[in-house]
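Colleague: Predicted model follows, preceded by the sequence.
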Amino acid sequence: MADCYAENTLQYFPEKCINCRRCTQVCPHRVFAEGDKRADLVNPRACMECGACAKNCPAGAIEVESGVGCAWAMISAALRGKDMDSGECTCGGPDGSCCGGEAKEEEPCSCGGK
Amino acid sequence: MPTTEKSHTIKPTGSCCGNAAPSPAEACGCSGPTNKGPAPVIRQTTSEITAKNRWDHILARWGVNRMGHIVTPGLYRLGNPDKDSPVFASANYTLSFDALRSALAGRDAWILVIDTKGINVWCAAGKGTFGTGELIRRIAVTRLAEIVAHRKIILPQLGAPGVCAHDVARYSGFSVEYGPVRAADLPAYLATHAATAEMRTVRFNLRDRLVLTPMELVHFGLYGIIAAIVLYFLAGPVAALAAICAVLTGTVLFPALLPVLPSRDFSLKGFVLGAIVAIPFAVVFAGSPGLSGLGRVIAAFVPFLTIPPVVAYLGLNFTGSTTFTSRTGVKKEIFRYVPAMVVLAGLGTILGIALGVLRLAGVA
């Protein structure tokens, strides 16, 4: 069965890990697990590229091209002739939508949730 | 010459305040504890969720006054906190703030509401508004260091994509502790300050998905109604009903059935669900009185060509609302499936128009 989500941009360099366990605290999908000497990358396929682990890794042992997996944002960026990878969630703004922010050209988006 | 420019921007002031320096330097604590001025306001809050709060939550879920569900940023007193009471950070979105304060019922605590422009913690973290810079700035302007004796701040775990904990510690002196994903788990978490794997994991169960469907409906419902009106006059009530069904399927049924639909790709899930929904319409159209054999065959094809791509497209647009889709995967989906959606829907529309023409000409 076709699976567009089989690959992602998560990269782990275990030799740099200082075993602070931040990644296991911030990952919402149990991609990393606590190990004896270093964190173990146990479920890379579950990574949603939120970037929390890389951002909170003090040793620079994790890299990921973080972004929001929102088709709405990417399609509306593409339709406006903008870069799909601009990384900007187009949600928000005073005209009614979810993600708010100061950007001027907004499209409503369905970023819901918690 | 980049090097010259760099030294030029850094040297003159010697501090970050005047510079357009990138975060975290931007949030250097220039307005830190030494900064004197009028004492910042500390507001009082409670753990009680009133009927008014509940009404606000319903409106937020339906997208009414979307950006109006805002809490004033700043420091809040929950109960009677003292200098040793814990500090929790939250977004200035009513659903986020209310989830936190209600979970802390019966406790004395400080709540630091940071300015996320009325956006929930996770979305704001993804955009960076629930971020290192704003957190450090808010710690500084509320003079938190003068109010509490300890140096620890508890953040919601889902704030982590926007916050660099070690930079917060470096620039504010406050160490970051990531609490559980859900505020409701806070009482259990606070007993040991250790989160279970379950507490650290986002869920997306039926209830979580269903609360998002009103927003999907609000976003796409109007298109469905317009399509239904147009189709009513061009092709009759059944075609109008098909348009309504396609939109309802894509916005409500799709999220509800998400995990049981085949494939991990949202578009494929949508094609499958759309094809199932198209069956009764194909049957009805195929049995239309007054159509010739050829006309019936064409009429049966049209719903199969039009409904699946509509549901697939609406399904694909649900990716941003879910808790697990990566940008890499969603992008791949867009390139792989959107062309097929366009071709199928285009073919279906052409066939539908052809059927109408043939009928007028008395051929079908």
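Modeller: Arrived safely.
Colleague: Show me where the chain dips below the pLDDT cut-off.
Modeller: No chain in the question, so chain A it is. A:1, A:86-114 (pLDDT under 70).
Colleague: hmm, I had chain B in mind actually
Modeller: Residues of chain B that meet the cut-off, pLDDT under 70, sit at B:1-37, B:364.
Colleague: Just give me the longest helix of it.
Modeller: For chain B, the helix with the greatest residue count under DSSP state H is helix B:327-360.
Colleague: Repeat that for chain A.
Modeller: Chain A, longest helix under DSSP H: helix A:71-79.
Colleague: Can you give me the distance of the residue in chain A that chain B sits nearest to to B:G133?
Modeller: When scored by C-beta to the nearest C-beta, chain A has A:C70 as its residue closest to chain B, at 2.7 Å. All C-beta atoms are positioned from the backbone trio N, CA, C, and that covers glycine. As judged by C-beta to C-beta, to the nearest Å, A:C70 and B:G133 stand 23 Å apart.
Colleague: Just the endpoints, please. Distance across stretch A:57-74?
Modeller: 28 Å (C-alpha to C-alpha, to the nearest Å).
Colleague: buried sites along it?
Modeller: Neighbour-count burial for stretch A:57-74, counted by 16 or more other C-beta atoms under 10 Å in any protein chain shown, picks out A:57, A:61-62, A:64-74.
Colleague: Closest one to B:V342 out of those, please.
Modeller: A:A71 (14.3 Å; C-beta to C-beta).
Colleague: Hmm, that closest one is touching B:L314, no?
Modeller: No - between A:A71 and B:L314 there is no contact under C-beta atoms under 8 Å: 10.2 Å.
Colleague: all helices in the stretch 151-300 of chain B, in order from the N-terminus.
Modeller: In the stretch 151-300 of chain B, the segments counted as helices under DSSP state H, counting those that start in this stretch are B:165-172, B:186-192, B:206-210, B:213-235, B:237-248, B:254-257, B:266-286, B:293-317.
Colleague: Pick out the residue nearest the middle of chain B.
Modeller: The residue lying closest to the centre of chain B (C-alpha atoms, centre = their mean) is B:S321, at 4.8 Å.
Colleague: Name the residue of chain B that lies nearest to chain A.
Modeller: Nearest residue of chain B to chain A: B:G320, at 2.7 Å (C-beta to the nearest C-beta).
Colleague: Map the structural domains onto the sequence of chain A.
Modeller: Domain assignment for chain A, taken from automatic domain parsing, gives A:11-63, A:70-114.
Colleague: re the thing from before, list the buried ones in the longest helix of chain B?
Modeller: Buried, per 16+ other C-beta under 10 Å, within helix B:327-360: B:327-334, B:337-338, B:341, B:344-345, B:348, B:351-352, B:355, B:358-359.
Colleague: Contacting chain A as well, which ones from those residues?
Modeller: The subset of the buried residues of helix B:327-360 lying close to chain A, counting by C-beta under 8 Å from any C-beta of the partner chain, consists of B:327-334, B:338.
Colleague: closest to B:L305 among these?
Modeller: Looking across these and measuring by C-beta to C-beta, the closest to B:L305 is B:V338, at 15.8 Å.
Colleague: any idea how far that closest one is from B:G315?
Modeller: B:V338 is 12 Å from B:G315, by C-beta to C-beta.
Colleague: just the strands in the stretch 51-200 of chain B please.
Modeller: Assigned by DSSP state E, counting those that start in this stretch, the stretch 51-200 of chain B shows strands spanning B:74-78, B:87-91, B:109-114, B:152-155, B:175-178.
Colleague: Give me every residue in the stretch 1-150 of chain B lying close to chain A.
Modeller: Residues of the stretch 1-150 of chain B lying near chain A by C-beta under 8 Å from any C-beta: B:61, B:63, B:65-67, B:95-96, B:99, B:116-127, B:129.
Colleague: if you set the cut-off to 6 Å instead, what comes out?
Modeller: Within the stretch 1-150 of chain B, the positions adjacent to chain A are B:66-67, B:117-119, B:122-123, B:126-127 by C-beta under 6 Å from any C-beta of the partner chain.
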